[in-house]
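# here is a sequence with its predicted model. Questions after.
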Amino acid sequence: MTPPPLLSLAGLVKRYGETLAVAGVNLDLRPGEVVALLGENGAGKSTIVNMISGMAVPDAGEIRLAGHEVRLASSRDALAAGIGVVHQHYSLVPGFTVVEAFALGRGGVAPLDRAALRAEVRALGQQVGITIDPDARIGSLDVAAQQRVEILKALALSPRILLLDEPTAVLTQVDADRFFAVVRRLRDTGTAVILVTHRLADVFAVCDRTAVMHAGRLVADRPVADVTREDLVSLMIHGRSDVGHMAPAVLTADIEADTAPAACAPASVSATAEPVLMAEGLELRRANGSVAVAGLGFDLRPGEILAVAGVDGNGQSELVTCLAGLARPAQGSIRFGPLDSRDAQAWTSRRLRAAGLAHVPDDRRRLALVGDMELDENFLLGRSRAPRYLRHGLIDRRRLRADLDEAVRDYDIRSAGPGQTVDRLSGGNQQKLVLARELAGEPRILLAAHPSRGLD
């Protein structure tokens with residue numbers, strides 16, 4: 001007799017207000033299997049993960065573990081059932097150290113054995129190929145390092161089922177390859193894995209099956225060996241694979257911008273044009289006082305795109321924070337028009353935004369959005385003093401709503417309406433909202449850190 005699946009979803013339904021996020025999904029997962037859960041932004045992928053991990057309760061349908069129906073009403077229920085999860089939006093406490101983050105949620109009242117936890121973090125990190133300082137404060141880590149902490153936390157509990165929601169979104173290719181090696185080892189030991197991703201390279205690198213969602217419904221469940229990239233793109237966008245295929249290069253550009261050829265030639269930039277941003281002799285420090293950037297200088301001219309590349313943790317996060325006016329350099333200076341970082345009164349995020357700087361941060365939930373505020377309120381953040389939205393000293397709600405409606409159409413932001421709170425949006429739609437807001441003001445400079453994170 002064939003044993004039942006380790007995890008079985010039967011007719012799962014989930015609504016948020018009038019929005020049907022998941023509509024009657026059936027999916028099985030067996031031990032030692034890695035299933036890619038795919039779909040456009042807002043297709044219902046993260047809602048599926050939330051229901052399996054106890055973060056949301058289905059309105060209808062069943063979740064079964066090894067053939068037995070279970071009710072997962074909290075994350076503690078899921079952990080007790082052997083379900084580990086790395087959410088797209090992290091649940092780490094900024095004031096905690098990595099060791100304290102590991103201890104959180106394990107239960108018990110015994111004193112915290114910091115030495116044992118340090119050894120556990122280092123040993124697991126060595127096994128996985130991730131280096132993290134056990135005593136580092138979560139708030140001092142950039143978003144990529146925080147994601148590594150979440151991955152290690154999930155693996156430390158030796159789960160029977162591991163849910164991974166966009167785990168490679170901000171990992172370098174080297175770190176992603178190491179992570180895939182860990183996933184393969186977990187598969188070999190019988191762990192079942194659901195991998196939510198927008199990177200199709202991840203699917204073909206490590207997955208056994210693909211489950212594709214479209215508009216809240218599961219439209220395909222096929223072995224990876226039986227699908228092509230073109231099939232997956234068509235299923236994600238159209239809900240079926242029998243529509244005409246686009247040229248492969250265009251498909252790659254739509255889904256995987258990190259490996260796609262340039263869509264157009266770069267604009268011509270005059271070397272004699274006056275720079276709009278100038279940095280000289282920058283020295284930037286981390287929260288612990290160590291030097292993150294030393295002796296950096298550059299000019300940025302109108303119409304120019306400057307890429308800052310490197311392995312995460314080498315000063316990129318500190319540079320973006322300083323350029324955005326959220327910190328000042330320890331040495332050197334930055335000049336943006338009349339604003340100079342050596343002037344503490346001038347170098348503020350408010351003054352920089354007023355001068356034409358737009359900022360898309362790498363951590364949208366912490367730095368760009370307020371989850372329990374509505375879409376129109378978030379769309380107004382940073383622009384409440386803009387003359388466009390002021391009428392007799394009050395916010396012009398009609399103008400704001402018209403601009404938001406236009407942005408929703410142009411950026412395909414999928415929501416239940418302008419009154420929906422942002423925390424009810426999928427991660428990709430949250431990112432679209434940030435991009436729409438920051439680009440709406442026709443900025444002189446766009447400062448973007450991982451701007452395509454979570455997007456189709």
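Good, I have the coordinates. Numbers count the residues shown, from 1 in each chain.
# span of stretch 360-371 from start to end?
Start-to-end span of stretch 360-371 (Cα to Cα, to the nearest Å) is 16 Å.
# go ahead and measure how far that stretch is from the middle of the chain.
Offset of stretch 360-371 from its chain centre (Cα atoms, centre = their mean, to the nearest Å): 10 Å.
# and for it, what's in contact with it?
89, 142-144, 170, 317, 320, 324, 359, 377-378, 381, 421-423, 430-431, 433-435, 438, 446-451, 453 (Cβ atoms under 8 Å, 6 or more residues apart in numbering). Just so you know, the C-beta spots here come from the backbone N, C-alpha and C atoms, and that holds for glycine as well.
# in helices, which of those fall?
143-144, 317, 320, 377-378, 430-431, 433-435, 438 (DSSP state H).
# now, of those, which are buried?
143-144, 317, 320, 377-378, 430-431, 433-435, 438 (16 or more other Cβ atoms under 10 Å).
# of these, which is the nearest to Asn288?
Ser317 (13.4 Å; Cβ to Cβ).
# quick check: closest non-adjacent residue to the closest one.
Distances taken as Cβ to Cβ, 6 or more residues apart in numbering put Asp142 closest to Ser317, at 3.8 Å, once the chain neighbours are dropped.
# show me the contacts for the residue nearest to Leu326 when sequence neighbours are not counted.
Using Cβ to Cβ, 6+ apart and skipping the chain neighbours, the partner closest in space to Leu326 is Ser349 (5.9 Å). Ser349 sits next to 324-326, 359 when contact means Cβ under 8 Å, 6+ apart.
# rerun at 7 Å
324-326 (Cβ atoms under 7 Å, 6 or more residues apart in numbering).
# I'd like the distance between it and Glu377.
Distance of Ser349 to Glu377, computed by Cβ to Cβ, to the nearest Å: 18 Å.
# mind checking pLDDT for the closest residue to Thr189 other than its chain neighbours?
Setting aside the residues directly before and after it, Thr189 is nearest to Gly32 in space (Cβ to Cβ, 6+ apart), at 7.8 Å. We have a pLDDT of 94 for Gly32.
# just say helix, strand or coil for Gly32.
Secondary structure state of Gly32, per DSSP: H, G, I helix; E, B strand; the rest coil, is coil.
# is it true that it touches Arg187?
Yes: using Cβ atoms under 7 Å, Gly32 is in contact with Arg187, at 5.3 Å.
# so those two - more neighbours on which side?
For Gly32 versus Arg187, the count of surrounding residues by other Cβ atoms under 10 Å is larger for Arg187: 19 against 14.
# quick check: next helix or strand after the lowest-mean-pLDDT helix or strand in the chain?
Of all helical and strand segments in the chain, the minimum by mean pLDDT, DSSP states H and E falls on helix 248-255, at a mean of 30. Note on helix 248-255: by DSSP states H and E, the next helix or strand toward the C-terminus is strand 277-285.
# who does the helix or strand just after that next one touch, helix- and strand-wise?
Proceeding N to C from strand 277-285, the next assigned helix or strand is strand 291-300, under DSSP H and E. Packing partners of strand 291-300 (3 or more Cβ pairs under 7 Å, 6 or more residues apart in numbering; DSSP states H and E): strand 277-285, helix 316-323.
# give me that answer again for 10 Å
If you count contacts as 3 or more Cβ pairs under 10 Å, 6 or more residues apart in numbering; DSSP states H and E, strand 291-300 packs onto strand 277-285, helix 316-323, strand 331-336.
# quick one, which of these is nearest to Val85?
Of all those, helix 316-323 sits nearest to Val85, with 24.9 Å by Cβ to Cβ.
# could I get the average pLDDT for the closest one?
Averaged across helix 316-323, the pLDDT comes to 91.
# CA-only coordinates of that helix, as PDB, when you get a sec.
Below are the C-alpha coordinates for helix 316-323, written out as PDB (Å, rounded to 0.1, in the frame of the first residue of the first chain):
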ATOM      1  CA  GLN A 316      26.900  48.700  -0.100                       C
ATOM      2  CA  SER A 317      24.200  48.900   2.600                       C
ATOM      3  CA  GLU A 318      26.200  51.600   4.500                       C
ATOM      4  CA  LEU A 319      26.700  53.600   1.300                       C
ATOM      5  CA  VAL A 320      23.000  53.600   0.400                       C
ATOM      6  CA  THR A 321      22.100  54.600   3.900                       C
ATOM      7  CA  CYS A 322      24.400  57.500   3.800                       C
ATOM      8  CA  LEU A 323      23.400  58.600   0.300                       C
END
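# quick check: buried residues in that helix?
316-323.
# got the residues you listed as JSON lines, with distance to Pro4 columns?
Converted to JSON lines, the buried residues of helix 316-323 look like this (distance: Cβ to Cβ, whole Å):
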{"residue": "Gln316", "distance to Pro4": "47"}
{"residue": "Ser317", "distance to Pro4": "46"}
{"residue": "Glu318", "distance to Pro4": "51"}
{"residue": "Leu319", "distance to Pro4": "52"}
{"residue": "Val320", "distance to Pro4": "49"}
{"residue": "Thr321", "distance to Pro4": "50"}
{"residue": "Cys322", "distance to Pro4": "55"}
{"residue": "Leu323", "distance to Pro4": "54"}
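# now, among these, which is nearest to Pro58?
Out of the buried residues of helix 316-323, the member with the shortest distance to Pro58 (by Cβ to Cβ) is Ser317, at 37.8 Å.
# could you check the distance from the closest one over to Arg122?
23 Å.
# again with Glu374
44 Å.
# give me the three-state assignment for Val85.
Applying three-state DSSP: Val85 is strand.
# now the two most distant members of the buried ones among the ones in helices among the contacts of stretch 360-371.
Across these, the longest distance by Cβ to Cβ is 29.0 Å; it joins Ala144 and Glu377.
# related to what we said a few turns ago, between Glu374 and Arg122, which one's more packed in?
The residue with more neighbours, out of Glu374 and Arg122, is Glu374; 18 against 14, by other Cβ under 10 Å.
# now the more buried one, nearest residue through space, not along the chain?
In space, and not counting its chain neighbours, Glu374 is closest to Gly419: 5.2 Å by Cβ to Cβ, 6+ apart.
# please compute how far stretch 209-225 lies from its chain's middle.
21 Å.
# likewise stretch 316-326?
Relative to the mean C-alpha coordinate of its chain, stretch 316-326 is positioned 19 Å out (Cα atoms, centre = their mean).
# got it, and stretch 416-431?
14 Å.
# equivalent analysis for stretch 339-350, please.
Centroid separation between stretch 339-350 and its chain, computed with Cα atoms, centre = their mean, is 30 Å.
# now swap in stretch 135-154 and tell me
For stretch 135-154, the distance to the chain centre is 14 Å (Cα atoms, centre = their mean).
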